[in-house]
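Asker: Okay, here's the prediction I keep looking at, along with the sequence it came from:
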Amino acid sequence: MSVPYETAAHPEEHLDRLLGRALNSFELPDEVLTRLDSALAYDGSLHSAHHSSGLHRETHRHTWLLTDGSVLTLWELVHNTAPDGLVRHEVYAGQEELSAATARLPLPADEPDLEPVDALRLPPVRLPPMTDAGPPYAPADSADHLRRLLRRAENLDRPGPEDTAVLRTAYAHEIAQAFGPPCRTGTGLCLSLYEHVFLLPHGRRASLWEVEHTATPDGRHMCEVYSTEAAARAAMERRV
């Protein structure tokens, strides 16, 4: 099965981010990590999801193309079923381990999961660093969240209606901090980056990137929104 690998960014960056947020990354076999040292390209996709009764569980497939032409897949389990309600990230080298871990989660048995989206090839997904307490997808008015995000964006090259038309069909969203602390009044120069991830029909995902900073002539707070991570990081470099 062919996959649309992403070669624009370094594959090792995706691995570092995955291992950095997974609580059990130390359990991965050494031979798996050794093989990933030769990764040439990366692809990530949502595999399945379960949202019910305030509980959330998602599995993500992370696949790397290696120099010998083979592929290696790691499975990420994201859930908020711990007693404290915080989001946990776990990583597994095989689907059997993933299934065993998923079976231990206290999810309602009478509500079926969404169908796996294996047959739907998603565009490559950039995964920013996320803390253990990062929010799960919020089944709220995502179209309103999109409107408010674009309304506060002050950059002239922010995404327009044509660029964001598909995002209006989103039924859930999450916000992940990709760089820097939250900007607060009176703290001096601040520069932060957020990824707004929108969950679309059929398990697809799309993102907008928000740059929040105080690099203005009067030190006031300012927000900018971009369609790609590359454009957002370029804007951050200009601000610095």
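Answerer: Arrived safely, thanks for sending.
Asker: all strands in the protein, in order from the N-terminus.
Answerer: Listed in chain order, the strands of the chain (DSSP state E) span residues 39-52, 55-66, 71-79, 88-92, 172-179, 191-199, 205-213, 222-226.
Asker: which residue sits closest to Leu193, ignoring its sequence neighbours?
Answerer: Phe179 (3.9 Å; CB to CB, 6 or more residues apart in numbering). All C-beta spots, glycine's among them, are computed from the backbone N, C-alpha and C.
Asker: Among the strands of the chain, which comes closest to Glu12?
Answerer: strand 39-52 (6.6 Å; CB to CB).
Asker: Can you name every helix or strand that that closest one contacts?
Answerer: If you count contacts as 3 or more CB pairs under 8 Å, 6 or more residues apart in numbering; DSSP states H and E, strand 39-52 packs onto helix 11-21, strand 55-66.
Asker: packing partners for the first one?
Answerer: Judged by 3+ CB pairs under 8 Å, 6+ apart, helix 11-21 is in contact with strand 39-52, strand 55-66, strand 88-92.
Asker: who wins for proximity to Ala22 among the ones you listed?
Answerer: The minimum distance between Ala22 and those falls on strand 88-92, with 3.9 Å, by CB to CB.
Asker: Can you tell me the strand partners of that closest one and which way each runs?
Answerer: strand 71-79 (antiparallel) (DSSP bridges).
Asker: Could you count how many residues lie near the residue nearest to Ala82 when sequence neighbours are not counted?
Answerer: Excluding its sequence neighbours, the residue lying closest to Ala82 (CB to CB, 6+ apart) is Arg88, at 5.8 Å. For Arg88, the count of nearby residues is 20 (other CB atoms under 10 Å).
Asker: And Glu210, by the same measure?
Answerer: The burial count for Glu210: 23, using other CB under 10 Å.
Asker: Does it have any beta-bridge partners, and if so which?
Answerer: On the basis of DSSP bridges, Glu210 is bridged to Tyr194, Val225.
Asker: Next one: it relative to His10, how far apart?
Answerer: From Glu210 over to His10 the distance is 23 Å, taken as CB to CB, to the nearest Å.
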